[in-house]
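**Q** Output the structure for:
(one chain, ligands or ions: 2)
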Amino acid sequence: MAPVPIISSLKVGHIDDVIELRKTKPGTIPQRFVRDITERPTITTPNNKSLIITNHHHHHMPIIDFSKLSKHNTHDDEIFLHELLNLATACENWGFFQVVNHDIDLNLMERIEKMSNEFFMLPLEEKQKYPMLPGTVQGYGQAFVFSEEQKLDWCNMLALAIQPQHARNPNLWPKKPEKLSETLEEYSREVRKLCENLLKYIGLGLGLKEDEFKKMFGEAVQAIRVNYYPACSRPDLVMGLSPHSDGSALTVLQQAKGSPVGLQILKDGLWMPVHTLPNALVINIGDTIEVVTNGKYKSAEHRAVANENKDRLSIVTFYAPSYEVELGPMPEFIDENHPCKFRRYNHGDYSKHYITNRLQGKKALEFAKIQTKNASF
Ligand SMILES: O=C(O)CCC(=O)C(=O)O
Ligand SMILES: [Fe+2]
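**A** Residues are numbered from 1 along each chain as shown. Ligands and ions are numbered 1, 2, ... in the order given. Down below sits the predicted model:
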């Protein structure tokens, strides 16, 4: 299938390759990467106290032991029910959790990290054989850039559609390193299974039938984005990845071994760094789940920051409904105290809206919001 049509007359100006910048001019930060004061990772007050970035409650980020769900899968097993409750609480209070014992082969996780790193270390000319053109979201480069004025993220990415097959653009699948494509396939099959299972348990935790989401979502859309954040001499001035919520139902994030902390989630008004456990996967709720649960579960806003000394690699899978399906809040989540917050829409239209706007916190979800009348009327 043809890639997403290039938005005509899109003037994005020159987009520096961040990996090249770091390689050739390690101390230079072009103005286009320097964030306005209000958008920098650390805001300091006049007396120089940090307002945000605290890590005092990182220990509380929920951890879900997947084996307690998959291996005790009789619905009257206490271990199973206890973990199901943990999962439901994590989704409701955080929209984020880490999964351990997830059944994805650790060797496969290691291989995809190694091959991704090798890809990013290739000469620029090689990577530019797979260019992410302005207005598109597949290939190598930088996504979500729509104007010359827009600030750029301190990040390069390789993004590819995985499912359905016809969403793929085979020309954008790297031929080097040799085994990358094959490994992406294998990895994506495994992660897809994990997503299907997690959605089953998330459904059960909500009191729904275990195949409710599966039926609702149809043939799920799956995409992968490998993000590479080079070290940055002034991480306080740049943003690794702009604040956003994901336009997916679920997102699975693997942070490469040895990477510095970089992902931050907005929790109770504070940007909280995510310290990943070894071999764990970080899962977050996307906008779709927020809509269908009428806001009971919310997609958490998150961002990535750069590190002064170390490069960082993350491998991110987005699992979303079929473009064909119509979605809206389920009647189970609407009552007198919980009025319907979102309209019904076609998920393809939502995706299109999401990828044709720059990342701006939870703004994309406005697309689906029902405007509530001012209480004073
Ligand atoms: O690299 C990260 O930790 C964040 C990536 C992310 O949020 C995304 O790709 O949507
Ligand atoms: Fe994200």
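**Q** Show me which residues of the stretch 251-377 of the chain are close to ligand 1?
**A** Within the stretch 251-377 of the chain, the positions adjacent to ligand 1 are 253, 262, 263, 302, 304, 314, 316 by Cβ under 6 Å from any ligand atom. Quick note: C-beta positions are derived from backbone N, CA and C, even for glycine.
**Q** hmm, try it at 8 Å
**A** 251, 253, 255, 262-263, 274, 282, 284, 302-304, 312, 314, 316, 318 (Cβ under 8 Å from any ligand atom).
**Q** mind listing which of the residues you listed are in strands?
**A** Of those, the ones assigned to strands by DSSP state E are 251, 253, 255, 263, 282, 284, 302-304, 312, 314, 316, 318.
**Q** For burial, what's the neighbour tally of the closest residue to residue 179 other than its chain neighbours?
**A** Nearest residue to residue 179, sequence neighbours excluded (Cβ to Cβ, 6 or more residues apart in numbering): residue 115, at 6.2 Å. By other Cβ atoms under 10 Å, 22 other residues sit near residue 115.
**Q** and the two most separated of the ones in strands among the residues of the stretch 251-377 of the chain next to ligand 1?
**A** 312 and 318 (19.1 Å; Cβ to Cβ).
**Q** quick one: the residue lying closest to residue 174 once chain neighbours are set aside and ligand 1, what's the gap?
**A** Leaving aside its sequence neighbours, residue 174 sits nearest to residue 180 (Cβ to Cβ, 6+ apart; 5.3 Å). Distance of residue 180 to ligand 1, given as Cβ to the nearest ligand atom, to the nearest Å: 18 Å.
**Q** Tell me who's in contact with residue 180.
**A** 115, 116, 118, 119, 174 (Cβ atoms under 8 Å, 6 or more residues apart in numbering).
**Q** Distance check, it against residue 140.
**A** Residue 180 sits 12 Å away from residue 140, going by Cβ to Cβ, to the nearest Å.
**Q** Common neighbours of those two, please.
**A** residue 174.
**Q** Show me what the helix or strand harbouring residue 290 packs onto, helices and strands only.
**A** With secondary structure defined by DSSP states H and E, residue 290 is part of helix 287-292. Other elements packing on helix 287-292 under the criterion 3 or more Cβ pairs under 8 Å, 6 or more residues apart in numbering; DSSP states H and E are helix 212-217, strand 326-327, helix 347-355.
**Q** need those in CSV with mean neighbour count and mean pLDDT, can you?
**A** CSV is the format used below for the helices and strands packed on helix 287-292 (neighbours: other Cβ atoms under 10 Å; pLDDT from 0 to 100):
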stretch, mean neighbour count, mean pLDDT
helix 212-217, 18, 98
strand 326-327, 16, 96
helix 347-355, 18, 93
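**Q** And the pLDDT at residue 220?
**A** We have a pLDDT of 98 for residue 220.
**Q** Beta-bridge partners for the closest residue to it other than its chain neighbours, please?
**A** Of all residues not flanking residue 220 in the chain, residue 319 sits nearest, at 5.8 Å (Cβ to Cβ, 6+ apart). Beta bridges link residue 319 to residue 222, residue 250 when assigned by DSSP bridges.
**Q** Tell me who's in contact with residue 319.
**A** Residue 319 neighbours (Cβ under 8 Å, 6+ apart): 191, 192, 195, 199, 220, 221, 222, 248, 249, 250, 251, 252.
**Q** so what's the fifth one up against?
**A** The neighbourhood of residue 220, defined by Cβ under 8 Å, 6+ apart, consists of 163, 192, 195, 196, 249, 319, 320, 321, 322.
**Q** just to revisit the earlier point, for the ones in strands among the residues of the stretch 251-377 of the chain next to ligand 1, could you give me CSV that also reports pLDDT?
**A** Shown next, in CSV, are these (pLDDT from 0 to 100):
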residue, pLDDT
251, 98
253, 98
255, 98
263, 97
282, 98
284, 98
302, 97
303, 97
304, 97
312, 98
314, 98
316, 98
318, 98
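**Q** what about residue 122, how many residues close to it?
**A** 16.
**Q** Kindly provide the distance from the residue nearest to it when sequence neighbours are not counted to residue 212.
**A** Distance criterion Cβ to Cβ, 6+ apart; nearest residue to residue 122, sequence neighbours excluded, is residue 176 at 6.1 Å. Going from residue 176 to residue 212 by Cβ to Cβ gives 42 Å.
**Q** Give me the three-state assignment for residue 158.
**A** Classification of residue 158 using DSSP: H, G, I helix; E, B strand; the rest coil returns strand.
**Q** And it, what's its pLDDT?
**A** pLDDT recorded at residue 158 is 98.
**Q** what about stretch 130-141, near ligand 1?
**A** No - judged by Cβ under 8 Å from any ligand atom, stretch 130-141 stays clear of ligand 1, getting no closer than 11.1 Å.
**Q** how far is that stretch from where the chain is centred?
**A** When distances are taken as Cα atoms, centre = their mean, to the nearest Å, stretch 130-141 is centred 17 Å away from the chain's centroid.
**Q** Repeat that for stretch 231-248.
**A** Worked out by Cα atoms, centre = their mean, stretch 231-248 lies 12 Å from the chain centre.
**Q** Report the rounded mean pLDDT for that stretch.
**A** 96.
**Q** Please apply the same query to stretch 163-178.
**A** Rounded mean pLDDT across stretch 163-178 is 97.
**Q** Now that stretch: buried residues?
**A** Applying a neighbour-count criterion of 16 or more other Cβ atoms under 10 Å, one finds 163, 164, 167, 168, 169, 172, 173, 174, 177 buried in stretch 163-178.
**Q** Return the set of buried residues in the longest helix seen in the chain.
**A** Longest helix in the chain, counting residues (DSSP state H): helix 180-205. For helix 180-205, a neighbour-count test (16+ other Cβ under 10 Å) marks 180-181, 183-184, 187-188, 190-192, 194-205 as buried.
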